[in-house]
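Enquirer: I would like the atomic coordinates for the input below:
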Amino acid sequence: MDYRPDEFKDYLMDKERSTNTIDSYIQSVSMFYKMFDEINKKNMIEFKRWQLENRKPKTAAIRCISMNVYCDFIGHPEYKVKGVRLHSKNSVENVISMDEYKYFLQCLKNEGNDKLYFIIKFLAGTGCRASELVRLEKKCLAAGEFSLWTKGKVRKILIPKGLIRESKAYFNTVDSRYLFPNRYGEQMTPRGVAAQIKKYGQRYGIRDEVLHPHAFRHLFAIQFLAKNKNIALLSDILGHESVNTTAIYLRLSAEEQKKQIDKTVNW
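Expert: A predicted model of the protein is given here:
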């Protein structure tokens with residue numbers, strides 16, 4: 001059976017899958033057809049086995065989900081394989097500390113890098129994802145919020161008044177509809193945001209493991225709960241489908257758990 005990427009893409013768009021999901025699914029199916037000439041149950045099982053042996057569990061799980069969706073698309077659900085079971089995290093790791101966060105911002109301010117300064121401020125001040133940050137438009141500064149369509153639903157990003165006041169002068173110099181455009185005035189990519197954070201974070205000697213956009217989303221969640229225990233509100237702000245997902249921020253990291261037990265157990 002021939003691979004039909006254009007038709008599969010149209011199928012996924014009709015299902016209102018996100019751009020990132022569509023790209024990931026198409027990449028997975030392309031990978032399958034590089035390994036096998038045809039799709040059938042035997043080859044699907046072999047593809048799953050190879051993924052589990054050569055990729056991280058989360059990546060393997062995504063590949064299998066992608067292929068199962070493709071099986072539905074071609075009308076052969078009997079080819080589908082069982083999903084990869086992932087262990088749920090019981091704590092948040094690789095969260096940037098407040099000291100590191102403030103130091104990072106100060107270094108950027110000293111260097112005059114206003115764009116990355118406010119990228120990080122917006123990530124840490126709104127809890128948005130990098131994929132959402134790049135879509136923010138200037139009109140959100142007047143409204144104090146920005147609505148976008150993501151993952152099959154409307155997601156609202158709330159912008160704190162203090163952040164709007166602080167950033168107003170900078171954004172008056174930005175000649176684009178987007179808050180953080182690329183050099184051509186068009187929408188920046190999430191990968192571009194991540195690359196800038198890593199580049200400058202390494203320059204300032206910040207831990208590599210926290211040099212990713214999601215570290216600031218984690219920081220937002222932890223600091224929010226330290227000041228406001230309304231976990232249902234935080235869940236809405238972060239765009240989680242379940243409060244259970246948000247509850248991970250109530251738990252200590254593995255490193256903090258070790259510190260606490262060392263401090264507590266003296267018998």
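Enquirer: any idea where the helices of this protein begin and end?
Expert: Using DSSP state H, the helices assigned to the chain run over residues 5-14, 19-35, 41-54, 57-73, 98-111, 114-126, 130-133, 139-143, 161-171, 190-203, 214-227, 231-238, 243-246, 254-264.
Enquirer: out of these, which gets nearest to Pro181?
Expert: Smallest distance to Pro181 across the helices of the chain (Cβ to Cβ): 9.3 Å, for helix 114-126. Where C-beta positions appear, they are placed from N, C-alpha and C, glycine not excepted.
Enquirer: got any ranges where the chain has weak pLDDT?
Expert: Residue ranges of the chain with pLDDT under 70: 1-2, 86-93, 150-152, 251-258, 260.
Enquirer: circling back: got TSV for the helices of the chain, with distance to Gly83 and mean neighbour count too?
Expert: Converted to TSV, the helices of the chain look like this (distance: least, Cβ to Cβ, whole Å; neighbours: other Cβ atoms under 10 Å):
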stretch	distance to Gly83	mean neighbour count
helix 5-14	18	14
helix 19-35	13	16
helix 41-54	9	15
helix 57-73	6	19
helix 98-111	37	15
helix 114-126	31	21
helix 130-133	24	20
helix 139-143	37	14
helix 161-171	40	13
helix 190-203	26	16
helix 214-227	24	19
helix 231-238	25	16
helix 243-246	18	14
helix 254-264	26	11
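Enquirer: ok, Arg217 - contacts?
Expert: Contacts for Arg217 (Cβ atoms under 8 Å, 6 or more residues apart in numbering) come out as Leu123, Ala124, Gly127, Cys128, Arg129, Leu238.
Enquirer: redo that, cut-off 6 Å
Expert: Gly127 (Cβ atoms under 6 Å, 6 or more residues apart in numbering).
Enquirer: what's the first-to-last distance across stretch 182-200?
Expert: 17 Å (Cα to Cα, to the nearest Å).
Enquirer: re earlier: would you turn the helices of the chain into CSV with distance to Arg155?
Expert: CSV is the format used below for these (distance: least, Cβ to Cβ, whole Å):
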stretch, distance to Arg155
helix 5-14, 18
helix 19-35, 14
helix 41-54, 30
helix 57-73, 21
helix 98-111, 24
helix 114-126, 11
helix 130-133, 7
helix 139-143, 13
helix 161-171, 18
helix 190-203, 15
helix 214-227, 13
helix 231-238, 10
helix 243-246, 14
helix 254-264, 30
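Enquirer: which of the ones you listed sits closest to Arg177?
Expert: For the helices of the chain, the distance to Arg177 is smallest for helix 139-143, at 8.1 Å, taking Cβ to Cβ.
Enquirer: which residues sit against that closest one?
Expert: Here helix 139-143 makes contact (Cβ under 6 Å, 6+ apart) with Phe146, Ile159, Ile164.
Enquirer: wait, Asp114 touches Asn172, no?
Expert: No - contact criterion Cβ atoms under 6 Å: Asp114 and Asn172 do not qualify, at 11.5 Å.
Enquirer: ok, the residue nearest to Val95 when sequence neighbours are not counted to Gln51 distance?
Expert: Distance criterion Cβ to Cβ, 6 or more residues apart in numbering; nearest residue to Val95, sequence neighbours excluded, is His218 at 4.3 Å. Shown here: His218 relative to Gln51, a distance of 28 Å by Cβ to Cβ, to the nearest Å.
Enquirer: then Arg129?
Expert: Arg129 is 25 Å from Gln51, where distance means Cβ to Cβ.
Enquirer: mind splitting this structure into its structural domains?
Expert: For the chain, automatic domain parsing gives the domain ranges 5-79, 98-259.
Enquirer: for Arg85, find the nearest of these.
Expert: So among the domains of the chain, domain 5-79 is nearest, using Cβ to Cβ, at 8.1 Å.
Enquirer: need the domains of the chain in a markdown table (columns: distance to Trp267).
Expert: Output for the domains of the chain, formatted as a markdown table (distance: least, Cβ to Cβ, whole Å):
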| stretch | distance to Trp267 |
| --- | --- |
| domain 5-79 | 38 |
| domain 98-259 | 17 |
